[in-house]
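Student: Sequence and predicted structure, then a few things I'm wondering about:
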Amino acid sequence: MKNLFKWIFICALWYIVGFLVGWIMVFLFPFTTSSLIIRYKWIQSLVGIREAARLGGEANIFLTILVGNTLSTASFLVLGALLLGSLISFLLGILISLLLFTGPYRHGMSINASIVQLVALESFYRVLATSLGMFVGAKLSGASISFKPVLVGSSQSWPAKGISGLGQVCREHKGGIIVALLTITLLILYGAVFETFFF
């Protein structure tokens with residue numbers, strides 16, 4: 001599973017670069033970036049953000065957050081498997097940074113420790129899911145570990161190998177894959193609990 005840790009490092013690095021780019025954008029153009037986020041609110045749904053006031057009671061809020069974050073994280077896993085993980089991590093970093101640093105302009109509230117904790121948690125499990133997808137996609141396609149934003153497999157593309165190829169990769173690396181999936185699941189669950197009851 002050494003390669004999985006390498007993919008985590010690569011995706012995390014791309015995320016950090018994107019996060020810094022987003023911060024620079026807000027620093028240079030605070031009102032422009034804030035107005036763009038306000039104008040295109042649907043962008044927030046890409047990372048599972050919903051307006052709690054519209055969701056009703058705590059149970060509905062919890063389920064909506066849990067389902068939304070699970071679906072968005074699953075999409076990061078799939079995009080990673082399609083060898084787009086580095087690019088997606090970079091774009092995720094920009095998006096999260098824009099949402100975080102335009103918050104004070106959009107809501108008139110400072111960035112507190114709870115917000116930072118939630119952002120860090122949700123970013124981590126999405127980067128982990130993307131990295132796991134990259135690991136599986138690289139095994140299926142024969143792509144080598146690289147910092148390139150978009151990778152191309154050196155052998156058959158993984159759709160050509162089909163479910164049998166995916167099954168083989170999962171069997172060969174089931175320990176690491178199970179640990180990664182379990183970690184992602186627990187973090188999503190913890191994030192939903194934290195956001196619903198303690199945020």
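Tutor: Okay, I see it.
Student: my read: Phe62 touches Tyr190, true?
Tutor: No. Taking Cβ atoms under 8 Å as the definition, Phe62 is not a contact partner of Tyr190, at 11.9 Å. The C-beta positions use only the backbone N, C-alpha and C, and glycine is treated the same way.
Student: Pick out whichever of these two has more residues nearby.
Tutor: The residue with more neighbours, out of Phe62 and Tyr190, is Phe62; 17 against 12, by other Cβ atoms under 10 Å.
Student: Quick one: mean pLDDT for the helix or strand hosting Leu99?
Tutor: Using DSSP states H and E, Leu99 sits within helix 85-101. Model confidence over helix 85-101 averages 94 on the pLDDT scale.
Student: Now do the buried residues in it.
Tutor: For helix 85-101, a neighbour-count test (16 or more other Cβ atoms under 10 Å) marks 85-101 as buried.
Student: Stretch 135-147 now?
Tutor: Using 16+ other Cβ under 10 Å as the test for burial, stretch 135-147 gives 135-141, 143.
Student: And Gly175, how close does it get to Leu77?
Tutor: Plainly put, Gly175 is 18 Å away from Leu77 if you go by Cβ to Cβ, to the nearest Å.
Student: Sorry, slip of the keys, the one I care about is His173.
Tutor: Counting by Cβ to Cβ, the gap from His173 to Leu77 is 15 Å.
Student: When these two are compared, which one has more neighbours?
Tutor: Leu77 (22 against 18).
Student: could you check the distance from Val119 over to Arg126?
Tutor: Val119 sits 11 Å away from Arg126, going by Cβ to Cβ.
Student: Centre of the chain to stretch 87-102, how far?
Tutor: 10 Å (Cα atoms, centre = their mean, to the nearest Å).
Student: contacting residues around it?
Tutor: By Cβ atoms under 8 Å, 6 or more residues apart in numbering, the list of residues contacting stretch 87-102 from outside reads 11-12, 14-23, 25-27, 30, 33-34, 36-37, 43-44, 46-47, 49, 76, 79-80, 111, 115, 119, 122-123, 126-127, 130, 149-150.
Student: If we use 6 Å, what do you get?
Tutor: 11, 14-15, 18-19, 21-23, 26, 33-34, 37, 79, 119, 123, 127, 130, 149-150 (Cβ atoms under 6 Å, 6 or more residues apart in numbering).
Student: Please indicate which of these are buried?
Tutor: Buried among the contacts of stretch 87-102 (16+ other Cβ under 10 Å): 11, 14-15, 18-19, 22-23, 26, 33-34, 37, 79, 119, 123, 127, 130.
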